[in-house]
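>>> got a structure for you, letters missing:
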């Protein structure tokens, strides 16, 4: 059952009062709070100063900016209660109606007037204006309202007869003007000083959630109930004949309604699953403009998405400006304030209400007070632009490649002294204010901080702080591989968790700790930063590609990634020579869960013979039986009954990809075995026990007891398995081994005999747990368990999950989370390139591939990038044809006039009715005159030749019949096919550069078909 709504919050509309209100809908009370110090994410200091109990069931509410302790609450009967909330008196007054109906909205202005928006009723107005200014003399020394103060009996104004008014707001710059949303009609602006109807009307369905920009009251926003869109309006749209041409064009051609300044059809995300849609609430809960920063509009959706839009006026040429004309807005930037709003595991942290915090300073970073579904209050800050713009003004430089020489490469940006304060002053100011109290008696003096910042000498604005300066071990300097270097660095990390752990950590936790500690090393060990920042490039130079055995050597520092490539090696060996094919199926590189669920992924036709439909359950069993016989897979001998024995046989075989259990057992039983840790023996014994060979496990433990006597008692206890036992032993998980997961698993079987406990033991590797489940769970429980483990692997980015998913679409989900955590898109790209796009149709797989290609390109690793392209293209072949689009030519012509890039291809460099000599594919402009020496080929082509990333689509030339001489110049590369402009002229002969010299005899002989002459400084070409 969903948690009930915890309430609503609002910051004081009076900028001189630092207070906020929380209306608790569960306990029906109003609480007033005062901030007392810090207001930042994770640290919000405040205290309660008053509360008001006995709150009536409300439909709307507002807080008076002119009377700080007065709150108006609208009800479903139309009665409006005026509450005094600042003195704990529970005092209230009522504004009654002659005809009962729902109150949709209430709004105060800055002069003590209250607008009440009501539901439609016949023969009565639905927008009332009450004068509550007589309550402005509330005495703080008196509890409640004075005895002689009564609520006004009649409104001072009535508007909008027989319509439903859904929303209402007053303009702060003119308290006598308000905007009201009329259901089914649109928006109307009223001037209370006249009683002759609205002065302006906009036809729209967006008539809810009105919000007015405090910085520029000409603009106000609204939304609809049933659409995720937002409209921003301009109240200056009065006279259609007095508008700028640009605005007129936008209304007539661009779909902007009259009066609109900005139209956003999808301002927030809708629920992806229609079944999860909440039909009780509107798509958009509320809109709020920021008081301290102009144009900042925050939008809260019913899913908890909180988005901030930074709007600004569109640029208009000065000669196109018309005074008092409405102006268009544009979204300069948008921000997701809480990016994890869609995470179902954080349902209780969903934002249900918010408001901007007024700090009365544009220097402080904009921040928002939010109320979450669990009732907690938090402060979220809008991402800062201040820290971005200095970096954008630094000239672009190639990626650092000096790590081989161990040269420093991280330094501060250097600006001229006259520009340092202008460039870095805002950034330093933001740092100085980032952890300062903004409320209370210790409130930071913002002007003083700014003044101090700009008084600091330019050279002292920013300094480099080295967080760690530890000496690196000798093993790091002597290491020859990146794996050895990483192991040397990790040896410096002190393990502080082992002493406090109650049970062995999970495999995922151990792997994440390994990678997280590696990331922290870059911050704590500046001397090793060159290596730590270029791990992917160093691995690529060592040959990290598609050779699984070599990859395991390169990744010897990471046993989890090493195991991933071991599994891929086994899958690759099984799929070679059609080993995983049986008509009509190809199950190569599928995982255990995908095989068990008969899932062929997003491109099932690529795994089926031409025209064949996907097989049914019996067809899968038949195909798997044929594959199992072909590969020599043993029969299923598990303990659990099953109706899918061939599925289990294949899945059990997949568990062993890349592992050599028989050889490990033989090594353990051999007399020539080198001395090993006890954990190695318990691993071999546990794997033997998991395969149903209890006697073999006992023999391994007995053999190991010669070196590790403590294992003798385990072997004796293990012999009791199979004996008749009346009841299980009293097993306490906390007593079992805290460091050896395999010994813990053996102890669990000895004590309880429950294989489910072993399968759910996260400290064991996933492939061993899956093996236990395959042998001991029935079909239904196994299906549920495999799906649950896959979901966990996807949500946590557990790379071990490849055993479940194989190299399929589900692996893309796992790798997305994995890359998000650790930025290892190199491994993600290599894994997915084995089956994408042959079997996987996912844009994220393509994104990983392109990111890795660009990474190598940035580091000038052109050979490595080309090798990756070639090898990945080979692995994408389906029926002999590659499914990866071949990269385009990497030499291109770039026009110096229009900056257009043109690839060197026959379509642009050869006439459509003409072929190159001898069928050659060489473009015309690259051909030499007859008998010309090869030296002349070193001169540049008739445009600037540059190396560009492969895959860029060349821009086509403009169609139409042009000058044939110009067409020939285009085909030879002398003129640009886009703008038709040719290369500059020679300063000596004034002929176009690249054109053959007309005074050379070979040119005449070429045209007459006779032989030419060689020689000349360039063979007769201008240079």
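Thanks, I have the structure now. Every value quoted in this text rests on a predicted model; they were computed, and no experiment measured them.

>>> okay but residue 443 is in contact with residue 437, surely?
Yes: applying Cβ atoms under 8 Å, one finds residue 443 in contact with residue 437, separated by 5.8 Å. For the C-beta atoms, the positions are set from N, CA and C on the backbone; glycine is no exception.

>>> can you give me the end-to-end distance of stretch 30-49?
For stretch 30-49, the separation between the terminal residues is 11 Å (Cα to Cα, to the nearest Å).

>>> Not counting its own residues, what contacts it?
The contact list for stretch 30-49, computed with Cβ atoms under 8 Å, 6 or more residues apart in numbering, reads 18-24, 50-52, 55, 71, 83, 85-86, 357, 367, 369, 377-381, 434-440, 442.

>>> residue boundaries of the strands in the stretch 551-700 of the chain?
For the stretch 551-700 of the chain, strands defined by DSSP state E, counting those that start in this stretch occupy the ranges 581-582, 585-586.

>>> chain center to the longest strand along the chain: distance?
Determined from DSSP state E, the single longest strand within the chain is strand 29-40. Distance of strand 29-40 from the chain centroid (Cα atoms, centre = their mean, to the nearest Å) equals 32 Å.

>>> returning to what we had before: could you identify which of the strands of the stretch 551-700 of the chain is most buried?
strand 585-586 (a mean of 23; mean count of other Cβ atoms under 10 Å).

>>> any idea of the mean pLDDT in that strand?
When pLDDT is averaged over strand 585-586, the result is 90.

>>> again with stretch 209-227
Mean predicted confidence for stretch 209-227 is 92.

>>> what comes up buried for it?
209-214, 216-224, 227 (16 or more other Cβ atoms under 10 Å).

>>> Would you work out how far apart the start and end of that stretch are?
Stretch 209-227: ends 13 Å apart by Cα to Cα.

>>> can you check stretch 337-353 too?
Stretch 337-353 end-to-end distance (Cα to Cα) = 13 Å.

>>> same check, this time on stretch 282-292
Terminal-residue distance, stretch 282-292 (Cα to Cα): 28 Å.

>>> ok, residues contacting that stretch?
Against stretch 282-292 from outside (Cβ under 8 Å, 6+ apart): 15, 208-215, 221-228, 230, 267-268, 270, 296-302, 352-356, 358-362, 364, 366.

>>> Try it again at 6 Å.
Residues outside stretch 282-292 that contact it (Cβ atoms under 6 Å, 6 or more residues apart in numbering) are 209, 211, 213-214, 221, 223, 225, 228, 296-302, 355-356, 358-359, 362, 366.

>>> Out of the residues you listed, name the ones that lie in helices.
Judged by DSSP state H, the contacts of stretch 282-292 include no members of helices.

>>> What residues of stretch 873-885 count as buried?
Buried, per 16+ other Cβ under 10 Å, within stretch 873-885: 873, 875, 876, 883, 884.

>>> close enough to count as contact, the third one and residue 870?
Spelled out, it's residue 876. No: the pair residue 876 / residue 870 is not scored as a contact, 11.0 Å apart, by Cβ atoms under 6 Å.

>>> show me what contacts the closest residue to residue 626 other than its chain neighbours?
Distances taken as Cβ to Cβ, 6 or more residues apart in numbering put residue 582 closest to residue 626, at 4.0 Å, once the chain neighbours are dropped. Listed by Cβ under 6 Å, 6+ apart, the contact partners of residue 582 are 623, 626, 627.

>>> Dig out what residue 582 forms beta bridges with.
With DSSP bridges as the criterion, residue 582 is bridged to residue 585.

>>> Residue 612 versus that one, what's the distance?
Computed as Cβ to Cβ, to the nearest Å, the residue 582 to residue 612 distance reads 12 Å.

>>> What of residue 505?
Applying Cβ to Cβ to residue 505 and residue 612 gives a distance of 47 Å.

>>> between these two, which one's more packed in?
residue 505 (18 against 13; other Cβ atoms under 10 Å).

>>> returning to that earlier point: just the buried members of the contacts of residue 582?
If we count by 16+ other Cβ under 10 Å, those have these buried: 623, 627.

>>> Specify which member of the contacts of residue 582 is nearest to residue 473.
Checking the contacts of residue 582 against residue 473 with Cβ to Cβ, the nearest one is residue 627 at 50.0 Å.

>>> And the contacts of stretch 184-199?
By Cβ under 6 Å, 6+ apart, stretch 184-199 touches 157, 159, 176-182, 200-204, 207.

>>> got a winner among those for most neighbours?
residue 181 (28 neighbours).

>>> Can you tell me the SS state at that residue?
Look at residue 181: counting by DSSP: H, G, I helix; E, B strand; the rest coil, its state is strand.
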